[in-house]
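[1] Test case, fold it:
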Amino acid sequence: MKKETRQKISIALTGRKLSQSHIENLKGRKFTDDHKEKLRQAKLGKKRKPFSAETRQKMSESKRNVSEETRLKRSEAMKLYWATRGSHRR
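    Down below sits the predicted model:
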């Protein structure tokens, strides 16, 4: 399939809403090891575009304006994570 054709199809399908039954069929989907490897190979070596200055500024501001309550929640979540880290692998 030509690159132009794929692009046209991509544009045509952009923003398309999936039916509820289609969404349900996708949930809990298991990929085979072969399929996972193909996905990995497709992404391998590809870099995303760098964030724009505006986006970096927004991310920076969002990290600065954190309430004390949110800080405590994050702290507790990380303590729990580190306390149970790796227990699912044993």
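[2] Heading C-terminal from the helix or strand hosting residue 54, find the next helix or strand.
    Using DSSP states H and E, residue 54 sits within helix 53-64. Using DSSP H and E, the next helix or strand after helix 53-64 towards the C-terminus is helix 68-84.
[3] which residues of the protein score low on pLDDT?
    Confidence mapping of the chain against pLDDT under 70 gives the ranges 86-90.
[4] What is the neighbour count of residue 25?
    Using other CB atoms under 10 Å, the number of residues around residue 25 comes to 11. Just so you know, the C-beta spots here come from the backbone N, C-alpha and C atoms, and that holds for glycine as well.
[5] how far does the helix or strand containing it sit from the chain's center?
    Assigned by DSSP H and E, residue 25 belongs to helix 20-26. Taking CA atoms, centre = their mean, to the nearest Å, one finds helix 20-26 lying 19 Å from the centre of the chain it belongs to.
[6] follow-up on the earlier one: need the contact partners of the helix holding residue 54.
    residue 51 (CB atoms under 8 Å, 6 or more residues apart in numbering).
[7] coming back round to it: tell me the first helix or strand C-terminal of the helix holding residue 25.
    Where DSSP H and E defines the elements, the next helix or strand beyond helix 20-26 is helix 33-43.
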